[in-house]
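Enquirer: got a structure for you, letters missing:
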């Protein structure tokens, strides 16, 4: 027997809500928007970014990442392959992410790429899906010196970025 149409629609809505939270997380760290990032995690959430990374509260992870990113010139997090398994008001997800970062080291422009997966456990509380626990699994990374094509000045890592006008936030 198949799920009733209303059940299927509710499941799709839940999966979309979770996917949007994953996207908000990326936006929060790319725009250095700490309040937006905090809203992705439940207040009592935990996060583990591996043995060489952050381990602690979910909201503390946002603080740690945004502070580390302030020392960079630019960064962009791209999410693909979002898999979600629902279980009533709980869910699990795995999302593949590529983080591309620019920094200056000893006068050289460096380009770093990190390929990772966000393995999240979620719960819906008071109608909102938020992360209970995140394990960030880094599959591999690289760093190399690069020569920029242009000096890009329109993108911002704050609320002056054009995206805030477009999204009305």
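Expert: Yep, that arrived. Model, not experiment: these values are computed from the prediction.
Enquirer: name the helices or strands packed onto the lengthiest helix in the chain?
Expert: If you go by DSSP state H, the chain has its longest helix at helix 5-30. Here helix 5-30 touches helix 34-38, helix 58-70, strand 74-87, strand 90-105, strand 108-125, strand 128-145, going by 3 or more Cβ pairs under 8 Å, 6 or more residues apart in numbering; DSSP states H and E. Where you see a C-beta, it was placed from the backbone N, CA and C, and this is true even at glycine.
Enquirer: could you give me the average pLDDT of the helix or strand following the last one?
Expert: With elements assigned by DSSP states H and E, the helix or strand that comes after strand 128-145 is helix 162-167. This predicted structure assigns helix 162-167 an average pLDDT of 76.
Enquirer: Apart from its chain neighbours, what residue comes closest to residue 139?
Expert: Excluding the flanking residues, the one nearest residue 139 by Cβ to Cβ, 6 or more residues apart in numbering is residue 115, at 4.8 Å.
Enquirer: do residue 140 as well
Expert: Residue 140 sits nearest to residue 115 (Cβ to Cβ, 6+ apart), 5.4 Å away.
Enquirer: For the one you found, which residues are in contact?
Expert: Counting by Cβ atoms under 8 Å, 6 or more residues apart in numbering, residue 115 makes contact with 96, 97, 98, 138, 139, 140, 141.
Enquirer: Most neighbours among these, which one is it?
Expert: Of all those, residue 97 has the most neighbours under the rule other Cβ atoms under 10 Å, reaching 22 neighbours.
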